[in-house]
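Participant: My questions are about this predicted structure, shown below with the sequence.
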Amino acid sequence: MSASGRIIAELRRNPRPIRLMGTTGQLGYGIPAEHFRTGIARKPDLIGADMGSIDIGPTYLGKGEMATAPAATRRDLRRMLLAARELDVPMVIGSAGSAGAAPHLEGTLAMMRDIARTDGLKFRMAVIRSDIPRATLHQALAAGRIAGFDGMPDLTDADIDTAAHIVGQMGMGPFRKALEADVDVIIAGRACDTAIYASLPALLGYPVGLSMHAAKIIECASLCCVPGGRDPIIAELDHQGFVLESMNPERRATPTSVAAHSLYEQSDPLMMREPDGSLDLSRAQYIAVDDLRTRVSGGIWTDTTQPTIKLEGALKIGERAVLLCGSADPRFIQEIKALLPNVSNLVDSLVCEDQPKDYTLRFRVYGIDGVRMVPPAQEALPGEIFIMGECIAPTAERASEVVRTCKQFLLHFGYPGRLTTAGNVAFPFTPPEVSLGPAFRFNVYHLLQVDDAEALFPMEIENVG
Amino acid sequence: MKLSEIAQVIRSKNAGPRRLTLDIMFASDDDYRRVAQSPAITAAEIGRLYRVPADQVTIIPYPVGRAIKITLARSIMAGDPGDYDVYGAQQHAPLLEIEL
C-alpha cells in the first residue's frame, strides 16, 4: 500500500488529530534544513508545498519557464521527497514549476524522476494536469459560461487561440481523487494553495471550514508568526480546531499574528472564495496555547452550488530589451521628464526611416516616477536618478536596435543650459542594453462555470523508479 | 499625527493581478481604534490619494487582527506593459503621509 492509502486507513481505523506540514510558501528558494528536520521529527501525516502563484506575472506562464533556479528547486524537492518516503506519508505539490502549465509540470516531473534515479527511490506518483483545452474554452465561451474576473474585459475566441498557455486553478476534487488512488506523491499543475493541504483532512471527515482555514495559513509556512518567516509550520487539526506551531522556535504563532495573516494577499480577510465553496472567518477564534502556539477555531465552510474555475492565460506581445543608465546632473534631472519624449521622437525618426513604427519605448525614471503608480504632483528632485528605457518590439533584433539607438541619443541629447556636453548619463557597465527575451501579458484572467470541476483536471499515475 | 507614526505595518500587495490590497496594522487595540475611527480613512479619501473612483475602494476594519484592509483596483494590470510594480509591494507610499 502506498502512503496516502496507508494514512487514510490508519486515521479511519484510529481517529486522532492530523498533522499537516507546510514546508515552504514557495518551493525552490531553499528550505531551512534544521527546522525542516524538527518538523519531520514530529511525524507529520502530510508534507506539502506550493510551488507557484499568479503574483510573479505573466512571463513565466507564457514562456513555460520556472521562476526558481533548477538546482535550488531540485534540492527542495529532494529534501521533501526523502523525508516523505522515510515517514511513508504523502508529499503534495501544487502549482508545479511556478505556473502549472504543461512545460512547468514536465520540468518538475523530470526532476522527480531524476531524484528517484540518483537516490534509488521507488514511489507511486499522481500527476494532475491543469491545461484547459482550447476547444473546451471556445464551447464554454459560446455558452456564456466564462466571465471576466475583477473587471477583466470579456474573453474573446482570439484570446483563447493566441494565449501561449491557459491553465485552470484546481480545487480539492482532483487532489482527493489522487489521494484516494493510493499514491506516495502528488504533483499538480495550477492549483489553489489551500487544496494542497485541505484535501486529505476533508476526505477523512474533518470539518472543511477548519481544514481550509488551516490550509490557508500553513501554505505560507511560518509567515503567520512574529517574526514571520519561511520555516516549516505544522497545523495539528482535530474536529473542533487546529493548533499552529512554527518549526523554528524563534517564530511565535500568536493569536494576533495568526489572525492578521488572514489579510495577506487577500481582498477580504473574513470571506475567502475557493473553487469548491467559501470560507467564512467572521466567527473565527484565536486563542494562545502557550508562548509559541495558537489554537484556531470557528471557520465555517459553505459548499458552492455552482463550481467556478479561475483561468489564467498569457499572450506573447513581443520581445523586450532595456537600456540601463543613471545621471547625477541637476540640470539634466530637472529637464528629464520634458526631454524624454523628444529623445523618443528622435529615436523614432531614425529607426523608422524606412519602416513603420512597430515598437513601444517607455521610460521609468527611478528617483522621480519609476516605482509609484501615483507619484505626488510636487516633490523635491533627487541628487541622482536611474533611467530604464524599455522597448517591446516584434523581434529581439528590432528591440535591441531601438534601445541601442536610444542609448546613443540619450547620452548626447542637447537641451538649453546643458553643462555636460561629453555625456548626459552614466552606464554602470557596458553594454548597457540588455535583451530580456519574449514579453507576455495576461490576456486570460476569467472565471469558468463548470458542472464537473474534476473532469477538467485529468490525472495519471506513474510508478517512478 | 501621520499614519506612519502610529501604524506598526503599512504594506501593499496584489490581491490578484487586477487589485491592490493595502494593510495597515497596529501594535495596540487603542492605536487601531484611533485610526479606524479617523475620518482620514474613507473610500473617498483613499480614492483621491490613489486616483481611483471611491466606488472602487473597499475598506474593511479587522479588529481581531488589529488591522484595516483597503482593497482597490490597480490602474494597470500586473505585468502589463508599463506596469511599475508586478507584485504591487511598493504602492503603500501614498498612505504614509495621511494626517489623522
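Facilitator: Thanks, I have the structure now. Residues are numbered from 1 along each chain as shown, chains lettered A, B, ... in the order given.
Participant: Show me what from the stretch 251-400 of chain A comes close to chain B.
Facilitator: Contact residues, the stretch 251-400 of chain A versus chain B (Cβ under 8 Å from any Cβ of the partner chain): A:256, A:259-270, A:284, A:286, A:317, A:360, A:362, A:364, A:370-374, A:376, A:390, A:392. The way it works is simple: take the backbone N, C-alpha and C, and place the C-beta from them, glycine included.
Participant: Using neighbour counts, give me the buried entries of the residues you listed.
Facilitator: Neighbour-count burial (16 or more other Cβ atoms under 10 Å in any protein chain shown) applied to those gives A:256, A:259-270, A:284, A:286, A:317, A:360, A:364, A:370, A:373, A:390, A:392.
Participant: Leaving out sequence neighbours, find the closest residue to residue 75.
Facilitator: Unless you meant another one, I'm taking chain A. Nearest residue to A:Arg75, sequence neighbours excluded (Cβ to Cβ, 6 or more residues apart in numbering or on different chains): A:Gly30, at 7.5 Å.
Participant: should've been chain B
Facilitator: If the residues on either side of it in the chain are set aside, B:Ser75 comes closest to A:Met373, at 5.2 Å by Cβ to Cβ, 6+ apart.
Participant: quick one: the one you found and B:Ala78 touch, right?
Facilitator: No - judged on Cβ atoms under 8 Å, A:Met373 makes no contact with B:Ala78 at a distance of 11.0 Å.
Participant: Just the buried positions in the helix or strand harbouring A:Glu462, please.
Facilitator: If you go by DSSP states H and E, A:Glu462 is part of strand A:459-464. For strand A:459-464, a neighbour-count test (16+ other Cβ under 10 Å) marks A:Met459, A:Glu462, A:Val464 as buried.
Participant: Tell me what the residue nearest the centre of chain B is bridged to.
Facilitator: In chain B, the residue lying closest to the centroid (Cα atoms, centre = their mean) is B:Leu22, at 3.4 Å. Going by DSSP bridges, B:Leu22 is paired in beta bridges with B:Ser12, B:Ile70.
Participant: pretty sure it is in contact with B:Asn14, am I right?
Facilitator: No - taking contacts as Cβ under 8 Å, B:Leu22 lies outside contact range of B:Asn14: 11.1 Å.
Participant: mind checking the longest strand of chain A?
Facilitator: The longest strand of chain A (DSSP state E) is strand A:308-327.
Participant: pLDDT averaged over whatever helix or strand comes next after that one - what is it?
Facilitator: Next in sequence after strand A:308-327, counting helices and strands by DSSP H and E, comes helix A:330-351. Averaged across helix A:330-351, pLDDT comes to 97.
Participant: got the residue ranges for the strands in the stretch 1-150 of chain A?
Facilitator: Taking DSSP state E, counting those that start in this stretch to define them, one finds strands in the stretch 1-150 of chain A at A:18-22, A:46-50, A:91-94, A:123-128, A:146-148.
Participant: how about those, which one is nearest chain B?
Facilitator: Proximity to chain B (Cβ to the nearest Cβ) singles out strand A:146-148 among these, at 9.2 Å.
Participant: The helix or strand just after that closest one - contacts with which helices or strands?
Facilitator: Moving toward the C-terminus from strand A:146-148, the next helix or strand (DSSP H and E) is helix A:157-162. Applying 3 or more Cβ pairs under 8 Å, 6 or more residues apart in numbering or on different chains; DSSP states H and E, one finds that helix A:157-162 contacts helix A:134-142, strand A:308-327, strand A:433-449.
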